[in-house]
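Enquirer: build me a model:
(one chain, ligands or ions: 1)
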Amino acid sequence: MTGHANSSDFQDAPQRRSRHGSLAGLRVLVAEDTEMVRDLITILLMREKVTVVSVVDGAQAVEAAAAEAYDIILMDMNMPVMGGFEATRRIRQSGGPCAGVPILALTANVSKAEIAQCERAGMDGHIPKPFNTNALTTAINAALYDA
Ligand SMILES: [Mg+2]
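Expert: Numbers count the residues shown, from 1 in each chain. Below is the predicted model of the structure:
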C-alpha cells in the first residue's frame with residue numbers, strides 16, 4: 001500500500017465502508033439451463049470473488065438449496081424438468097437453509113405479468129437478460145443490502 005493515511009482515515013473507514021459494493025465471499029446458487037448464460041454468470045461473479053454453484057434445472061436447484069446455505073439464488077424461469085417459479089415456491093416452503101434468502105429471476109423479454117408471477121412465487125426481483133457485470137452486481141447488492 002502506498003500513500004499516507006492519517007488517524008482520521010482509520011476512524012472514518014468503518015462508517016464509510018458498508019458491505020454494499022463488494023460481493024466478495026458470497027455464496028451464490030445459479031439455476032440456469034443455458035450453458036452459455038450459466039458460464040457467463042460464473043465467470044463474472046468469480047471475478048468478484050464470489051463462490052458460484054450452478055445447476056441446470058429447478059429440481060436440482062431445490063435439491064441444492066436444501067443441502068446447503070447460499071446468500072442468494074439466481075433462478076432462470078424456463079428450465080426443463082422444473083421451471084423457476086415452481087422451484088422458488090418449493091424452496092420458500094421447504095423450511096430449509098435457503099427458505100428465506102433472496103431469489104432473483106433471470107428473465108428474458110420480461111412482461112408485467114411475468115414480474116407479478118415472480119413476486120407471487122416468492123421472488124425478490126429480476127435480472128433482465130442480457131446483462132453485464134454491473135447489472136448483475138447491482139441487482140445482487142440491492143437484493144442483499146437495500147431490503
Ligand atoms: Mg432457460
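Enquirer: what parts of the protein come near the ion?
Expert: 33, 76, 78 (C-beta under 5 Å from the ion). Quick note: C-beta positions are derived from backbone N, CA and C, even for glycine.
Enquirer: mind checking the SS state of the last one?
Expert: At residue 78, secondary structure determined by DSSP: H, G, I helix; E, B strand; the rest coil is coil.
Enquirer: test my guess that it contacts residue 84.
Expert: Yes. At 7.4 Å, residue 78 and residue 84 qualify as touching, with contact defined as C-beta atoms under 8 Å.
Enquirer: quick check, residue 33 in a helix?
Expert: No. Assessed with three-state DSSP, residue 33 is coil; it does not lie in a helix.
Enquirer: show the pLDDT at it.
Expert: At residue 33, the model reports a pLDDT of 97.
Enquirer: in contact with the residue lying closest to it once chain neighbours are set aside, which residues?
Expert: Nearest residue to residue 33, sequence neighbours excluded (C-beta to C-beta, 6 or more residues apart in numbering): residue 79, at 4.2 Å. Shown in contact with residue 79 (C-beta atoms under 8 Å, 6 or more residues apart in numbering): 31-33, 56-58, 87.
Enquirer: ranges for the strands of the chain?
Expert: Along the chain, the segments classed as strands by DSSP state E run 27-31, 51-55, 72-76, 103-107, 125-128.
Enquirer: since that was my last question, I'll sign off now.
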